[in-house]
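[1] give me the fold of what follows.
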Amino acid sequence: MDNNLYNNQNQADTGGKTPCIGNQGAYFVPYTMPLKKEYTPLSKKENSFIFIVMAGLFIFVDFALFHGFSLGFTISYAVIFAISSVFIYKKDAKGKAFAITCGALSLVLSVGNTLFDNSFIKPVSSLIIGFLFAIYCLGISGGLGKLAGSYKMLVNLFLKTLITPFDKIGEVFGSIKEGAKENKKSFGALLGILLSLPVLLVVIPLLVSGDAAFEGLIESVIDNIGIYLLEIAIALVILPFFYSYLFNRKRDSGNEKAKNQSTKKLSSTACTSFLSVISITYLVYLFSQLAYFFSAFKGILPDGYTHTASAFARRGFYEMCAICFINIALISAVSILSERKNKKLPVAIKLLSLFISLFSVLLVIIAMQKMRLNISTYGLSVNRVLVCAFMLMMLVVIAFFILHIYAPRVKYMQPIIIICAVIFIALTFADVDRICADYNIEAYSSGKLEKLDIQAISLMSDSAVPSLVKLTESKDEKIAKEAKENVAKKIFYYSDLYLNDDEKSLCIGADKNDFRAYNKAEMDSLKLLKEYFDSLSDKEKKSIISKYW
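    Sure thing, here's the model as predicted:
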């Protein structure tokens, strides 16, 4: 007899119990069917916010993704920020002050996309805005808890921002399905929309024929219907993940206790030995540096080495930054994994960690000195300013790590995030490209720089255009000539500028009239280039057109 049939028959004969044979004879185990997972239906607010979130995502895709992350990004991010705040805000959430500070900083930073257009700062700025927004959402929904002051907050942030929305997306669909069974109004609303379509097919043509403004609006919609459909499709792709993220933030009770996972600890002796070897290596490095300052140690330097500013400025900078990263990681790992006596790190580990931290500070200072020599030799560049800001952030991180070694209860992660965010915001609003261009021009004029790289200035963002145009009036004929050539190239390689029919003036492209694509630095540079070309003589215009157009 088939075993399945036999078992089914036995279960039927024994009232749903499965017979088993043991040492004490036959006995029966109750047969239980697997429980069907139950979902809590969506509330009215949750249900309505599906459509509101979809509308916000469509605005973001249209305003930001399709219009260059300029003014449209600032507006659409503010819309997404407001929608998320209304949906997930909890009055009793803990740690809201820090979260609201991060949210405010993200809004300020988003304004930078409207004002400036540096091709490196803008994408990095968008990533930082996303990071600060995630902290804001976690905080106002009660998800920070007691982990807000340490590195564990970053782990918690990663899990609840990138893992949980995917992991629990099935619960979202289950709740939507369960809510649809109980809420017949949604079906009625959908039915009403469908019934209105035939009426609109009659009414809209009549309105178009009766009003010119409405006719222009409908024609614009029809012309761009393909783009709108694509934007809707992209928003629909993003919607499940983003709504799942907000849905889980809203329903997160915030009372989840951290799991006490027993991590296997390393003996304090092993950690001390490990840090001692690293520290001795760094002491040898410090000894080798004496060759730069005392003649008695010159024999350490390789044969043929010339101690020039350029060689000193270029060599070893990025390696030093990498070592600082490694040191921070080592100190963190030892702090987490080392055995503790009465919940305190041994004194030897604290002292060795302090030495490695101070050595890292020394490396940053040396790197700053290299960069200072680099700037004095070759001038300012955007990359050099960014590196200086990065080194300043690294000093902030190391300083709070040192504080954490001797005051472990101090919340170090919050001030690190806020201070570093403020540094980047200051960097964004400083208009780095224009500062670099003006500094190099002034340094060349005063004799600090032997050469002025006009090509480098022309490759900067639109913020440097005023400085480049100013150089066309330089008393140095060579500089003025090179500047004029680069300005001419910018004009005729700029897709948003085109010649009038009379070839005597320039026009700014109609696309720049769209407020979503507005960027102050870009628009100012377009106007300045137009004024520059229009001010030229007919002979100069024809010469430029024949050469570059």
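
[2] helix, strand, or coil at Tyr498?
    strand (DSSP: H, G, I helix; E, B strand; the rest coil).

[3] run through the bridge partners of it.
    Listed beta-bridge partners, Tyr498: Cys507 (assigned using DSSP bridges).

[4] need the helix or strand of the chain with the lowest average pLDDT.
    Within the chain, confidence by mean pLDDT, DSSP states H and E is lowest for helix 3-13 among all helices and strands, at a mean of 47.

[5] start and end of stretch 374-386, how far apart?
    Here the two ends of stretch 374-386 are set 14 Å apart, with distance taken as CA to CA, to the nearest Å.

[6] how about that stretch: buried residues?
    Buried residues in stretch 374-386, defined by neighbour count with 16 or more other CB atoms under 10 Å: 374-375, 377-382, 384-386. Bear in mind the C-beta positions are built from the backbone N, C-alpha and C, glycine included.

[7] farthest-apart pair in those residues, please.
    Largest separation among the buried residues of stretch 374-386 by CB to CB: Thr377 and Leu386, giving 18.3 Å.

[8] which strand or helix spans the residue most central in space within the chain?
    Closest to where the C-alpha atoms of the chain average out (CA atoms, centre = their mean) is Leu127, at 0.8 Å. Counting by DSSP states H and E, the secondary-structure element that holds Leu127 is helix 121-140.

[9] what comes up buried for that helix?
    Going by neighbour count (16+ other CB under 10 Å), the buried part of helix 121-140 is 121-122, 125-126, 128-129, 131-140.

[10] closest to Lys530 among these?
    For the buried residues of helix 121-140, the nearest to Lys530 is Lys122 (23.9 Å; CB to CB).

[11] separation between the residue nearest to the centre of the chain and Leu354?
    Per CB to CB, to the nearest Å, Leu127 is found 32 Å from Leu354.

[12] neighbours of Ile328, how many?
    When neighbours are counted by other CB atoms under 10 Å, Ile328 registers 17.

[13] and the pLDDT for Gly22?
    Looking at Gly22, its pLDDT reads 49.

[14] I misspoke; the intended subject was Leu162.
    Leu162 is given a pLDDT of 89.

[15] what about Ser537, neighbour count?
    8.

[16] give me the below-cutoff pLDDT ranges for the stretch 151-300 of the chain.
    Along the stretch 151-300 of the chain, the parts satisfying pLDDT under 70 run over 179-194, 197, 253-264, 289-300.

[17] swap in the stretch 301-450 of the chain?
    Checking the stretch 301-450 of the chain against pLDDT under 70 turns up 301-317.

[18] if I look at the residue nearest to the centre of the chain, how far off is Arg251?
    According to CB to CB, Leu127 and Arg251 sit 27 Å apart.

[19] for Asn118, same thing?
    40 Å.

[20] next: Val432.
    43 Å.

[21] over to His67. Which of the three states is it?
    Assignment for His67 (three-state DSSP): coil.

[22] now swap in Lys91 and tell me
    coil.

[23] enumerate every residue touching it.
    Contact analysis of Lys91 by CB atoms under 8 Å, 6 or more residues apart in numbering lists nothing.

[24] how about it, phi and psi?
    Phi and psi for Lys91, reported as degrees, to the nearest 10, are phi -70, psi -40.

[25] the one 10 residues further on too?
    In terms of degrees, to the nearest 10, the main-chain angles of Thr101 are phi -60, psi -40.

[26] hang on, Leu380 in a strand?
    No: counting by three-state DSSP, Leu380 is located in no strand; its state is coil.

[27] find the residue closest to Phe69 in space, skipping its chain neighbours.
    Asn113 (5.4 Å; CB to CB, 6 or more residues apart in numbering).

[28] same thing with Asp438?
    Nearest to Asp438 is Ser467, by CB to CB, 6+ apart, at 5.6 Å.

[29] just confirm the one you found contacts Ala456, I think it does.
    No: applying CB atoms under 8 Å, one finds Ser467 not in contact with Ala456, separated by 11.4 Å.

[30] strands of this structure, start to end?
    For the chain, the strands defined by DSSP state E cover 17-22, 25-30, 497-499, 506-508.

[31] what sits against the residue nearest to Asp438?
    Per CB under 8 Å, 6+ apart, neighbours of Ser467: 434, 437-438, 441, 457.

[32] highest neighbour count among the residues you listed?
    Ala437 (28 neighbours).

[33] any idea how far the residue nearest to that one when sequence neighbours are not counted is from Lys481?
    In space, Ala437 comes closest to Ser467 once its chain neighbours are excluded; the distance is 3.7 Å by CB to CB, 6+ apart. To Lys481, Ser467 is 17 Å away according to CB to CB.

[34] now swap in Val432 and tell me
    27 Å.

[35] how close does Tyr136 sit to Ile365?
    34 Å.

[36] next: Leu132.
    Distance, Leu132 to Ile365, by CB to CB: 29 Å.

[37] again, but for Ser267
    Distance from Ser267 to Ile365, by CB to CB: 34 Å.

[38] more crowded one of those two?
    Counting neighbours by other CB under 10 Å for Ser267 and for Ile365 shows that Ile365 has the greater number, 13 against 10.

[39] done for today, thanks.
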